[in-house]
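S.K.: The sequence and its predicted three-dimensional model are supplied below.
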Amino acid sequence: QVQLVESGGGLVQAGGSLRLSCVASGRTFSSYTMSWFRQAPGKEREFVAAISWRTYYADSVKGRFTISRDNAKNTVYLQMNSLKPEETAVYYCAVGRPLGRDTYSMGQYDYWGQGTPVTVSS
């Protein structure tokens, strides 16, 4: 059974940093795209970053967030710097095999974690 478990969320002041982790189990995901999405209160879930053989970022996080992965540990990370209050959300890990621009679409992912909350105070 595939399971994705996120960790690393919490409360941080604006301008601060957090590092999220997502550990996948149940199979090997080295050939899969691993991604992060987020959902703020009252808003739709949105793409944040993805990593396959290359990386993808939402425009809003470019230059501040860095996605990386350790295939030996079946783990994906999201380093978030210079956080803003409007980035308060639940952050979700997702794994799938999207192609091209589908990488940005929720529907292209097969497995999802339960999410880890991030609160950025002003």
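M.R.: Sure thing, it's come through. Residues are numbered from 1 along each chain as shown.

S.K.: low-confidence ranges in the chain?
M.R.: Within the chain, not a single segment meets pLDDT under 70.

S.K.: residue closest to the middle of it?
M.R.: Trp36 (1.9 Å; C-alpha atoms, centre = their mean).

S.K.: Can you report how many residues neighbour the closest residue to Ser30 other than its chain neighbours?
M.R.: Of all residues not flanking Ser30 in the chain, Asn71 sits nearest, at 4.2 Å (C-beta to C-beta, 6 or more residues apart in numbering). Backbone N, C-alpha and C define where each C-beta goes, glycine included. Asn71: 13 surrounding residues under other C-beta atoms under 10 Å.

S.K.: do the same with Thr55
M.R.: Neighbours around Thr55, by other C-beta under 10 Å: 13.

S.K.: same deal with Ile67?
M.R.: Using other C-beta under 10 Å: Ile67 sits among 21 other residues.

S.K.: Do you have the strands of this structure handy? List them.
M.R.: Counting by DSSP state E, the chain has these strands, from start to end: 3-7, 10-13, 18-25, 33-39, 46-51, 55-57, 65-70, 75-80, 89-96, 109-112, 116-121.

S.K.: Hmm, Ile51 is touching Thr66, no?
M.R.: No. With contact defined as C-beta atoms under 8 Å, Ile51 does not count as touching Thr66 (9.8 Å).

S.K.: of these two, who's got more company?
M.R.: A direct count of neighbours by other C-beta under 10 Å for Ile51 and Thr66 places Ile51 higher, at 21 against 16.

S.K.: Across the sheet, point out what pairs with that one.
M.R.: Met34, Thr55 (DSSP bridges).

S.K.: One more: Cys22?
M.R.: Going by DSSP bridges, Cys22 forms beta bridges with Glu6, Val76.
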